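S.K.: need coordinates for the following:
(one chain, ligands or ions: 3)
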Amino acid sequence: MKKIAIYGKGGIGKSTIASALSASISLLGYRVMQIGCDPKADSTINLTHGLTVTPVMNYLARNGICSSLEAIVVEGFNGIACVETGGPTPGLGCAGRGIITTFNILDDLNAYEIYKPDFVLYDVLGDVVCGGFAMPIRHGYADEVIIVTSGEKMSLFAANNIKNAIDSFAERKYARLRGLILNRRNIDGEEHIVQEFAREIGTKVIGDIPRDSNIQLYEQQNKTVVEGDPNLDISQMIMKIAANIVNDAGVSNA
Ligand code: ADP
Ligand code: SF4
Ligand code: MG
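M.R.: Residues are numbered from 1 along each chain as shown. Ligands and ions are numbered 1, 2, ... in the order given. Next up is the predicted model:
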């Protein structure tokens, strides 16, 4: 099982890319679980055709305890197990409580033995306002981190904070930075800016995704573009990034 955390500034395209990568990895024949950690709880909406996944924190607030996986896991596109942590008031952060509680519940209910994911993708809000944003990096929850960024200043600022968080746990060999995915906003010199940033922080650009209106077209149908039309150039590009991630991970499928 390989656990990959996808980080990046709010609105940069983490959930879009995490879901499209989950869809692609599942199409390669692997079992996938995607865990959204964002008070918006919208990480997996394009994998479930809009079906609501009850966020773990909301379920707990209502019921006190959670004793069944069915209450918090929805099987989405191609059998992808979809989970949302939910969380506190947006902007306040929960210092990691949401994600830790979710990990503990998934463990207690043997979710990993039952769904047997080859890949777990965490889609994590990476703004500094979130006191718990480093949580998946700690305690061995994530093996690798991928940062989604554009060439815009604030996006690179968030990416740099995430890189610093990874470095601060490096000695204990927690997660390693796998690389950056450039999600283009079409600013001048964007590729150069992001390549240069990658070089400065000692990593690589492992994916380059153009802006493409097909992403939003299929989003309106609550689908990833990969599910919507796998033959589109944009879908093929994302599938190629996924294939590289899978190949490097060295995980064999069932
Ligand atoms: P985040 O999870 O980082 O907050 P989202 O994945 O929700 O961001 O993306 C925000 C919006 O940007 C979504 O409506 C999505 O469709 C759009 N978007 C993201 N990446 C692209 C892209 N490469 N081309 C077109 N639209 C995109
Ligand atoms: Fe939000 Fe951070 Fe808590 Fe996750 S750990 S629910 S991103 S505040
Ligand atoms: Mg999101």
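
S.K.: for the chain, give me the ranges with low pLDDT.
M.R.: 88-96, 126-133, 139, 170-173, 253-254 (pLDDT under 70).

S.K.: for it, which residues are neighbours of ligand 3?
M.R.: For the chain, the residues in contact with ligand 3 (C-beta under 5 Å from the ion) are Lys14, Ser15. In short, each C-beta sits where N, CA and C put it, glycine included.

S.K.: and the residue in the chain that ligand 3 sits nearest to, how far from ligand 2?
M.R.: Going by C-beta to the ion, ligand 3 is nearest to Ser15 of the chain, at 3.2 Å. Between Ser15 and ligand 2 the computed distance is 12 Å (C-beta to the nearest ligand atom, to the nearest Å).

S.K.: against Ala165, how distant is the spatially closest residue to that residue that is not a sequence neighbour?
M.R.: Leaving aside its chain neighbours, Ser15 sits nearest to Ser43 (4.6 Å; criterion: C-beta to C-beta, 6 or more residues apart in numbering). Using C-beta to C-beta, to the nearest Å, Ser43 is found at 20 Å from Ala165.

S.K.: the two: which has the busier surroundings?
M.R.: The neighbour count for Ser43 versus Ala165, taken as other C-beta atoms under 10 Å, is higher for Ser43 (30 against 20).

S.K.: going along the chain, name the strands of the protein.
M.R.: Along the chain, counting by DSSP state E, strands occupy 2-8, 32-37, 74-75, 81-84, 119-125, 144-149, 176-183, 205-209.

S.K.: need the contact partners of the fourth one.
M.R.: To tie it back to what came earlier, the one meant is strand 81-84. Strand 81-84 has contacts (C-beta atoms under 8 Å, 6 or more residues apart in numbering) with 31-36, 38, 41-44, 47-48, 53-56, 72-76, 102, 106, 111, 115, 117.

S.K.: quickly run through the sheet partners of that strand, with directions.
M.R.: Note on strand 81-84: by DSSP bridges, its sheet partners are strand 32-37 (parallel), strand 74-75 (antiparallel).

S.K.: now do the buried residues in the longest one.
M.R.: By neighbour count, with 16 or more other C-beta atoms under 10 Å as the criterion, the buried positions of strand 32-37 are Val32, Met33, Gln34, Ile35, Gly36, Cys37.

S.K.: again with stretch 159-166
M.R.: Buried residues in stretch 159-166, counted by 16+ other C-beta under 10 Å: Ala159, Asn161, Ile162, Lys163, Ala165, Ile166.

S.K.: from those, which is closest to Leu121?
M.R.: For these, the minimum distance to Leu121 (C-beta to C-beta) is 15.8 Å, reached by Ile162.

S.K.: surely that closest one meets Val145?
M.R.: Yes. Taking C-beta atoms under 8 Å as the definition, Ile162 is a contact partner of Val145 at 7.0 Å.
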